[in-house]
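S.K.: heads up, no residue letters with this:
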């Protein structure tokens, strides 16, 4: 039985991935420092280690029975990254380098890294493909790009796959975090106050990808031979504006008050993915439409709010 180490296992994506891997027969070891994740989300079927990967001498605390790594842990907000860039660098880049050193020592077969669309910055070459010059506009994006560079540097020792995730959404997102996740922020405000604060233009747009599609993409990155030592966009290839998101929420909740505010530092105006590479090389096809995915998230949030 193949053993996979999943970091950030108490987070939104990590918990979903660990559950799916466990269901498919993999042995899963999860790591999280619980600084932002929810321990209750960790599947009971897996082994869990509480550990800050940005700390010193972490290698002695990591398991030595792992074949593959999926590295999801980190600070995931561009806005928050400006609060303390040094902490952001530790959480997103030092942690990756520490884990990479462990992978080199243990001869890990594959290191799947969750990077971000933030590495592209505010490009106008859309849809953006993986060959685009990366000029990130946030500390978060800079740290993600640096981590990609370290993986490429040591690729002769540790085969890697970089997935540049676009805007992931779905059930079990943290609705209490109002600084990360555009859809979850708006949904939380609609549920609690019916007042939505929009930081920036209503014409901004994103590539929103449902959590189940993201997990499918990660599984391909873990298993497909064609994925090795390469970078892939993980999105839907479709753009949705802020205005379109708000319209759906207003249809559900009615009479929402929209309050305009200044943009967040380093925010990208609009971006969506060219996914032709991941389609061709890995056979990835997103299954969940934005309308269907958002409806599932709203239903989950309303049920969760009433419990």
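M.R.: Yes, it's here. This one's a predicted model, so the numbers in the text were calculated from it and none came from an experiment.

S.K.: For the rest of this, base every contact and every neighbour count on C-alpha atoms.
M.R.: OK.

S.K.: Could you find the closest non-adjacent residue to residue 120?
M.R.: By the measure of Cα to Cα, 6 or more residues apart in numbering, the closest residue to residue 120 outside its immediate chain neighbours is residue 134, 4.4 Å from it.

S.K.: how many neighbours does that neighbour have?
M.R.: Summarising burial for residue 134: neighbours were counted as other Cα atoms under 10 Å, giving 17.

S.K.: same question, residue 300
M.R.: Neighbours of residue 300 under the rule other Cα under 10 Å: 15.

S.K.: and the nearest residue to it once chain neighbours are set aside, how far is that from residue 164?
M.R.: Using Cα to Cα, 6+ apart and skipping residues adjacent in sequence, the residue nearest residue 300 is residue 171, 6.0 Å away. According to Cα to Cα, to the nearest Å, residue 171 stands 21 Å off from residue 164.

S.K.: can you check residue 185 too?
M.R.: In terms of Cα to Cα, residue 185 sits 22 Å off from residue 164.

S.K.: Please apply the same query to residue 122.
M.R.: Look at residue 122 and residue 164: by Cα to Cα, they are 15 Å apart.

S.K.: if you count what's nearby, which of the two comes out ahead?
M.R.: Applying other Cα under 10 Å to residue 122 and residue 164 shows that residue 164 carries more neighbours, namely 23 against 17.

S.K.: Surely the more buried one is in a strand?
M.R.: Yes. If the criterion is DSSP: H, G, I helix; E, B strand; the rest coil, then residue 164 is within a strand.

S.K.: give me the number of residues near residue 208?
M.R.: 27.

S.K.: Excluding covalently adjacent residues, which one is nearest to residue 257?
M.R.: Nearest non-adjacent residue to residue 257, counting by Cα to Cα, 6+ apart: residue 195, 4.6 Å away.

S.K.: next one: phi and psi at that neighbour?
M.R.: When read as degrees, to the nearest 10, the backbone of residue 195 gives phi -120, psi 120.

S.K.: pLDDT score assigned to it?
M.R.: The predicted local distance difference test score for residue 195 is 96.

S.K.: and it, what does it touch?
M.R.: When contacts are counted by Cα atoms under 8 Å, 6 or more residues apart in numbering, residue 195 is found next to 189, 256-259.

S.K.: Adding distance to residue 72 and neighbour count, write these out as a markdown table.
M.R.: As requested, the contacts of residue 195 are exported to a markdown table (distance: Cα to Cα, whole Å; neighbours: other Cα atoms under 10 Å):
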| residue | distance to residue 72 | neighbour count |
| --- | --- | --- |
| 189 | 27 | 17 |
| 256 | 34 | 19 |
| 257 | 35 | 13 |
| 258 | 33 | 15 |
| 259 | 33 | 10 |
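
S.K.: ok, those residues vs residue 127, which is closest?
M.R.: Closest approach to residue 127 among these (Cα to Cα): residue 258, at 28.5 Å.
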